[in-house]
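> could you work out the structure for the sequence below:
(chains A and B)
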2 protein chains.
Amino acid sequence: MGGVSTVGDRVDRVPKQDRSRATRQRLLEAAVACLAEHGWAGSTVSVVAERAGVSRGAAQHHFPTREDLFTAAVEYVAEERSTALRALFAEDTAADRRAVVSALVDLFTGPLFRAALHLWVAASNEEQLRSRVTELEARVGRETHRIAVDLLGADESRPGVRETVQGLLDMARGLGLANLLTDDAGRRERVVAQWAGLLDDALG
Amino acid sequence: MGGVSTVGDRVDRVPKQDRSRATRQRLLEAAVACLAEHGWAGSTVSVVAERAGVSRGAAQHHFPTREDLFTAAVEYVAEERSTALRALFAEDTAADRRAVVSALVDLFTGPLFRAALHLWVAASNEEQLRSRVTELEARVGRETHRIAVDLLGADESRPGVRETVQGLLDMARGLGLANLLTDDAGRRERVVAQWAGLLDDALG
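Just a heads-up that it's a prediction; the model follows:
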């Protein structure tokens, strides 16, 4: 309980909440980095707490279980990336589709995708994780789809457009997987250029 | 060394080679099933030997290390599937593209993809596995690309065609990943129908 006081006036309470939020954020970021680097087997609450420079007790105060910590971490970082992606194109009312496709594909490379992949694969063999990760995936997937539709200016009332966008995001996920063991950036760029063109024709 | 004799004439040797080949095959099939169900952490030579009904010593005679067994297993099953896919369309000189796309996507669902995924993800964190799996992936990937080009009747001398086919296989890989935790068959079928149409337009 060191440093945590149950007495406080309004002036004291605000910075404490800020500290708590900052601690939570450090834990979430450390959890994603840990998962990306060491996989599920090497990712425990203790390892993440140490990496974040937070006591194990404080970490468990924020996240009672390992599943809580890692699903929250993947969701938090996914939301951060979605917000950043929307901001990137916010002022660009006529963003070119190739830039949008490229930015969408980028969501599936890097540490967040790597962390999420470790979590999915672990969830496929672990009952406690499975329902949590399935639900998380559905939420993140829906949000990514909404962003893609908005940024591509896709009209989903037209037949086939929804499936065109879904297929694009499946392709992005597959490109992420292809980048897991080797740097696939060169090939990926050529595939993105080609399919951005095909997509442009398809979306009109 | 029980049962293994260094003395044998031609007549004896042939069935012994057959037995040896059958044992090897049982081990490879058991290894893929084991990897798909229990992941890399739960997949050891002993577990696979038991599942295949083979002694641990016999298993190690065929595959000296765990890495040998599991990379050979994924490669063997991938080859079996490639052969089956070629045979499926061998007599169909004008196979319709949607059926081909559907069959290609099927390569990325089911136990083989699940097993390969566990191997890739483990390889991303384990040095001994990494180079083996990277090399295996390159070989299997090239063969899958060749099959896709042949079955789709794609003319790779035309600009963009190579990348169009690559993107399709990336989409197939992403659809496989989307099927890991939940049965995604309904959505997948709609995406395949739509993208088979886009591909048809693109390939002419």
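
> mind listing what residue A:69 touches?
By Cβ atoms under 8 Å, 6 or more residues apart in numbering or on different chains, the contact set of residue A:69 is A:27-28, A:31, A:45, A:48, A:59, A:62-63. To be clear about C-beta, it is placed using only N, CA and C from the backbone, and glycine gets the same treatment.

> mind redoing it with 6 Å?
A:31, A:45, A:63 (Cβ atoms under 6 Å, 6 or more residues apart in numbering or on different chains).

> the residue nearest to it when sequence neighbours are not counted: how many residues sit nearby?
Distance criterion Cβ to Cβ, 6 or more residues apart in numbering or on different chains; nearest residue to residue A:69, sequence neighbours excluded, is residue A:63 at 3.8 Å. The number of residues packed near residue A:63 is 21, by other Cβ atoms under 10 Å in any protein chain shown.

> residue nearest the centroid of chain A?
With distances taken as Cα atoms, centre = their mean, residue A:78 lies nearest the centre of chain A, 2.3 Å away.

> tell me the residues of chain A that contact chain B?
A:39, A:41, A:120-121, A:123-125, A:134, A:160, A:163-164, A:166-167, A:170-171, A:173-175, A:177, A:180-182, A:190-191, A:194-195, A:198, A:202 (Cβ under 6 Å from any Cβ of the partner chain).

> among the residues you listed, which lie within helices?
A:120-121, A:123-125, A:134, A:163-164, A:166-167, A:170-171, A:173-175, A:177, A:190-191, A:194-195, A:198, A:202 (DSSP state H).

> now those residues: which count as buried?
A:120-121, A:123-125, A:163-164, A:166-167, A:170-171, A:173-175, A:177, A:191, A:194-195, A:198, A:202 (16 or more other Cβ atoms under 10 Å in any protein chain shown).

> thought residue A:49 was touching residue A:60?
No: if you go by Cβ atoms under 6 Å, residue A:49 and residue A:60 don't touch, sitting 8.2 Å apart.

> hang on, the earlier thing: just give me the closest of the contacts of residue A:69 to residue A:112.
Set against residue A:112, the nearest of the contacts of residue A:69 by Cβ to Cβ is residue A:31 (11.4 Å).

> what's the helix or strand for the residue nearest to the centre of chain A?
helix A:66-90 (DSSP states H and E).

> can you show me the CA trace of the helix or strand following that helix as PDB?
Proceeding N to C from helix A:66-90, the next assigned helix or strand is helix A:97-106, under DSSP H and E. What follows is helix A:97-106, C-alpha atoms only, in PDB (Å, rounded to 0.1, in the frame of the first residue of the first chain):
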ATOM      1  CA  ARG A  97      -6.300   4.900 -52.400                       C
ATOM      2  CA  ARG A  98      -2.800   3.500 -52.700                       C
ATOM      3  CA  ALA A  99      -1.700   5.500 -49.700                       C
ATOM      4  CA  VAL A 100      -4.700   4.300 -47.700                       C
ATOM      5  CA  VAL A 101      -4.100   0.600 -48.700                       C
ATOM      6  CA  SER A 102      -0.500   1.000 -47.800                       C
ATOM      7  CA  ALA A 103      -1.400   2.500 -44.300                       C
ATOM      8  CA  LEU A 104      -4.000  -0.300 -43.700                       C
ATOM      9  CA  VAL A 105      -1.400  -2.900 -44.500                       C
ATOM     10  CA  ASP A 106       1.000  -1.300 -42.200                       C
END
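
> list of residues touching helix A:97-106?
Residues from elsewhere that reach helix A:97-106 (Cβ under 6 Å, 6+ apart): A:85, A:148, A:151-152, A:172, A:175, A:192, A:196, A:200.

> where does pLDDT dip in chain A?
For chain A, the stretches flagged by pLDDT under 70 are A:1-14, A:92-95.

> please redo it, this time with the cut-off set to 80
A:1-14, A:91-95 (pLDDT under 80).

> show me what the helix or strand hosting residue A:115 is packed up against.
Element membership of residue A:115, judged by DSSP H and E, is helix A:111-125. With contacts defined as 3 or more Cβ pairs under 6 Å, 6 or more residues apart in numbering or on different chains; DSSP states H and E, helix A:111-125 has these neighbours: helix A:10-38, helix A:66-90, helix A:127-152.
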